[in-house]
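A.B. asks: Here is my input, please return the structure:
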Amino acid sequence: MKATLMKLNYLRGLLAVLLVTLLASCGGSKTPKNAQGQLIGVSPRPKYFPPVPYGMVYVPPGTFHMGPSDEDVNYAFTARNKSISISGFYMDATEITNNEYRQFVDWVRDSIAHILLGHVKQIDGQDIIDWKQKINWKDKGTIEKLDAMVYSEADRLYGRKDIDVGKLIYHQETFNWDKAKLRENTGKPRSTFIVKKDVPIYPDTLCWIRDFSYAYNEPMTRMYFWHPAFDNYPVVGVNWHQATAFCEWRSKFWEDYRNSKKLFTEDKFQLPSEAQWEYAARGGREQTPYPWGGYNIRNKKGCLLANFKPGRGNYPEDGGFYTVRADAYWPNDYGLYCMAGNVAEWTADIYYENAYSFTSDMNPYLRMDVPDDAPLKMKRKAIRGGSWKDIGFFLQTGTRTYEYQDSAKSYVGFRCTIALSRRNKGKH
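C.D. replies: Below is the predicted model:
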């Protein structure tokens, strides 16, 4: 009897295995009926049409010689010529403007206000801001409820309850890919590589008077970021941390919208690498020192082609005393404005003098997350393009220099890049 039961159990187990095998061989729920046992991929799949981010232009893939296109007059040897291949990407046609950055500031301000006002709903056990609720900033009762956001009584001018800009803090969550790629970290939980930090995001408007000793720039401190006259001028006073926080917010802002419309999410916005920036600045022109080509900073009529410091300091000669509109002057052949002059631009790379000797010749990238209490030399981030207060040498596409990641300057701004899933049009 016992042997009969054991045999029966064995047959039942064998039957179960055969049934699973049969079901698997017949195809799962996602296998099309006409597969006929062939490998044809998962079907159906939605059609994909790559979006074009607003305000960006496409920089096609290609190869270029990275480094100085003329004599290294400083003999610094920090940018030796090297052949580099770059994947295609989108880049902001202009530097991020005051008005664009203000959208980020207002979003952070409103999100904090919504939380203080209790405009929160629960979705899947998480507190989510209810953006359909409205905030009446002119209502005294509303401002009283937002007392935690305004200046204390001792810090007010004429008793005005202005927003304390120091409390506008963006909570940033990123993934540390450099740490995750290390072999010794294989198999570790995902939480090991998630970086969470709070970033104060309001521009340092005092940079206009801090950067220049014994100079009357107080009107720019008081007006540059908020006055409508400067809406389309490049944002300044933003350090490297704030620029990367803006990129992270912009990515999430777009991702949330696309998720709400059940569209594919895209890659993240980020600061360009040094190689991306230089490749884009050249505009497809080989071995030319400036984005417009040629070896001169003036055209044949004698007009200056960028906003910088001509001669010994004739600031207004080029049409702008400080910065100018972000779309001033002619764009380069890729449609990018002010890749030379106006404001220098943050890149994602750390500044290392001998970087070209060991970085890859395919999409070189030298990113490193460094704490602000690290030695000064480690906190250097590469900036490119030169600015309104720089001489012509810094306008050259191959010129490298740096600023410290926690410093905000009146002559440094930024623009974003994004690598989208764009179809290749190669021949087969």
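
A.B. asks: contacts and neighbour counts: CA atoms only from here.
C.D. replies: Noted.

A.B. asks: Could you list the low-pLDDT ranges of the protein?
C.D. replies: 1-33, 71-79, 421-428 (pLDDT under 70).

A.B. asks: mind listing the helices in it by residue range?
C.D. replies: Listed from the start of the chain, the chain has helices (DSSP state H) covering 2-25, 98-116, 140-145, 177-180, 207-210, 218-223, 240-260, 274-282.

A.B. asks: In contact with the nearest residue to H65 once chain neighbours are set aside: list those residues for me.
C.D. replies: What sits nearest to H65 in space, not counting adjacent residues and going by C-alpha to C-alpha, 6 or more residues apart in numbering, is S83, at 4.4 Å. Neighbour list for S83: T63, F64, H65, M66, D361 [criterion: C-alpha atoms under 8 Å, 6 or more residues apart in numbering].

A.B. asks: Just the ones in strands from the residues you listed, please.
C.D. replies: Secondary structure defined by DSSP state E assigns T63, F64, H65, M66 of the contacts of S83 to strands.

A.B. asks: Could you report the separation of the residue lying closest to P53 once chain neighbours are set aside from Y279?
C.D. replies: Closest residue to P53 apart from its sequence neighbours, by C-alpha to C-alpha, 6+ apart: Y90 at 7.9 Å. When C-alpha to C-alpha, to the nearest Å is applied, the distance between Y90 and Y279 equals 12 Å.

A.B. asks: do G67 as well
C.D. replies: According to C-alpha to C-alpha, G67 stands 10 Å off from Y279.

A.B. asks: Point to the residue nearest the middle of the chain.
C.D. replies: Note on the chain: the residue nearest the mean C-alpha position is Q270, at 2.6 Å, using C-alpha atoms, centre = their mean.

A.B. asks: So what sits opposite it in the bridge?
C.D. replies: Here Q270 sits in beta bridges with T417, going by DSSP bridges.

A.B. asks: Surely it is in contact with A419?
C.D. replies: No: between Q270 and A419 there is no contact under C-alpha atoms under 8 Å: 9.3 Å.

A.B. asks: which residues of this structure fall in strands?
C.D. replies: Assigned by DSSP E, the strands in the chain fall at 56-59, 62-66, 82-86, 89-92, 120-123, 126-129, 169-175, 194-200, 344-350, 380-384, 401-404, 412-413, 417-418.

A.B. asks: Any chance of those in a markdown table with distance to G159 as columns?
C.D. replies: Supplementary listing: these in a markdown table, determined by distance: least, C-alpha to C-alpha, whole Å:
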| stretch | distance to G159 |
| --- | --- |
| strand 56-59 | 43 |
| strand 62-66 | 56 |
| strand 82-86 | 55 |
| strand 89-92 | 41 |
| strand 120-123 | 31 |
| strand 126-129 | 31 |
| strand 169-175 | 24 |
| strand 194-200 | 25 |
| strand 344-350 | 38 |
| strand 380-384 | 41 |
| strand 401-404 | 37 |
| strand 412-413 | 34 |
| strand 417-418 | 43 |
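
A.B. asks: residues touching V370, list them.
C.D. replies: Under the criterion of C-alpha under 8 Å, 6+ apart, the neighbours of V370 are M378, K379.

A.B. asks: before we move on, back to that, most tightly packed of the helices of the chain?
C.D. replies: For those, ranked by mean neighbour count under the definition mean count of other C-alpha atoms under 10 Å, the leader is helix 274-282 at a mean of 26.
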